[in-house]
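Asker: model the structure of this input:
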Amino acid sequence: QVQLVESGGGLVQAGDSLRLSCAASGRTLSSYDMGWFRQAPGKEREFVGSISKTGFSTSYADSVKGRFTISRDNGKNTVNLRLNSLKPEDTAVYYCAAGQTGSSWYKAYDYWGQGTQVTVSS
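Answerer: I've put the predicted structure just below:
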């Protein structure tokens, strides 16, 4: 079992930056590929990006490519999501997830955090 807790969300203005963190307990995160997803009100959960177990490989949704960056520190059992040049359409609850195989498909992930709200005002 892995417990995931996201933090770092908040209310920002368009163009600002945020850094979200996902802290794990229960098992070491180095055993899992990690993903970030987001869900806006009335919309389906959307893939944001993923990072491999070693951190050598990342993948991003087209909508965030070049603006968001995923990193991980397996020694600290954390995964981070840096959000730059935020837009109002980035407003959503952001979730981190752990799975054996990184994917843009949310069902590939076995463990999820409770989410952290990011709100971007125009």
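
Asker: okay, CA-based contacts and neighbour counts for the rest of this
Answerer: OK.

Asker: so where do the helices sit in the protein?
Answerer: Taking DSSP state H, the chain contains no helices at all.

Asker: tell me where it has strands.
Answerer: Using DSSP state E, the strands of the chain run over residues 3-7, 10-13, 18-25, 33-39, 46-51, 58-60, 68-73, 78-83, 92-99, 111-112, 116-121.

Asker: what's the average pLDDT for the shortest one?
Answerer: It refers to strand 111-112. Confidence for strand 111-112, expressed as mean pLDDT, is 96.

Asker: what is it packed up against?
Answerer: With contacts defined as 3 or more C-alpha pairs under 8 Å, 6 or more residues apart in numbering; DSSP states H and E, the packing partners of strand 111-112 are strand 3-7, strand 92-99.

Asker: and these, which is most packed in?
Answerer: Ranked by average neighbour count under the criterion mean count of other C-alpha atoms under 10 Å, the helices and strands packed on strand 111-112 are headed by strand 92-99 at a mean of 25.

Asker: now residue 38: closest residue in space that isn't a chain neighbour?
Answerer: With sequence-adjacent residues excluded and distances taken as C-alpha to C-alpha, 6 or more residues apart in numbering, residue 38 is closest to residue 94, at 4.3 Å.

Asker: which residues does the one you found bridge with?
Answerer: The partner list for residue 94 in beta bridges (DSSP bridges) reads residue 38, residue 116.

Asker: make 39 the first number, not 1, from now on.
Answerer: Okay, using 39 as the starting number, the last item reads as residue 132.

Asker: give me the most central residue, this protein.
Answerer: Within the chain, the residue whose C-alpha comes closest to the C-alpha centroid is residue 74; the distance, by C-alpha atoms, centre = their mean, is 2.7 Å.

Asker: where does that residue land on pLDDT?
Answerer: What the model reports for residue 74 is a pLDDT of 98.

Asker: what do you get for residue 102?
Answerer: Reading off the confidence values, residue 102 has pLDDT 98.

Asker: next one: residue 113
Answerer: Confidence per residue is given as pLDDT, and for residue 113 that number is 93.

Asker: burial count for it?
Answerer: Around residue 113 sit 9 other residues, with neighbours defined as other C-alpha atoms under 10 Å.
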